[in-house]
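Engineer: Dropping the sequence and predicted coords here.
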Amino acid sequence: MVTDEKIINAALIRYRLGNMLVWLGVLVWAPFIVLRIMGEQPSMSVYLPLHLLGVIGGSRLRAFARKELGILPPKKTRLQFLGHSLIWTGILVWVPYYYLKVTSNQPVEAHVQDK
């Protein structure tokens with residue numbers, strides 16, 4: 001029989017698992033950074049999907065658990081707004097790059113024009 005205690009325990013486990021996934025998603029970059037410092041050229045296409053899977057999946061899992069527990073989401077601060085803006089800007093920059101890289105068999109180069 002499902003009791004309120006079991007539902008709360010399951011939601012707490014989901015919340016903790018979400019936290020763990022977020023941290024694992026962030027820490028995925030540690031080996032990438034170490035390899036870059038050692039002079040290697042690791043492929044970002046391995047690390048980026050793992051990062052996104054952990055961070056986005058973990059945050060969604062935490063939000064779902066918060067809703068189950070009846071906890072209101074924390075108030076957004078200006079710093080969080082700035083962080084979300086930077087994330088969306090990064091996505092808007094990188095998505096076209098990866099789309100061109102996957103669909104065309106030619107190397108994709110970004111050119112910056114000097115004024």
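Structural biologist: Cool, got the structure. Just so you know, these numbers come straight off a predicted model, no measurement behind them.
Engineer: Low-confidence stretches in this structure?
Structural biologist: 1-2, 110, 112, 114-115 (pLDDT under 70).
Engineer: hmm, try it at 80
Structural biologist: 1-7, 73-74, 98, 101-102, 105-115 (pLDDT under 80).
Engineer: Which residue ranges of it form helices?
Structural biologist: Listed in chain order, the helices of the chain (DSSP state H) span residues 4-27, 29-37, 44-69, 78-103.
Engineer: want to throw those helices into a markdown table with mean neighbour count?
Structural biologist: No exception for glycine: its C-beta is placed from N, CA and C like everyone else's. Shown next, in a markdown table, are the helices of the chain (neighbours: other C-beta atoms under 10 Å):
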| stretch | mean neighbour count |
| --- | --- |
| helix 4-27 | 14 |
| helix 29-37 | 12 |
| helix 44-69 | 15 |
| helix 78-103 | 10 |
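Engineer: want to throw the ones you listed into CSV with distance to residue 111?
Structural biologist: Output for the helices of the chain, formatted as CSV (distance: least, C-beta to C-beta, whole Å):
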stretch, distance to residue 111
helix 4-27, 31
helix 29-37, 23
helix 44-69, 20
helix 78-103, 13
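Engineer: Point out the one among those that comes closest to residue 113.
Structural biologist: helix 78-103 (16.5 Å; C-beta to C-beta).
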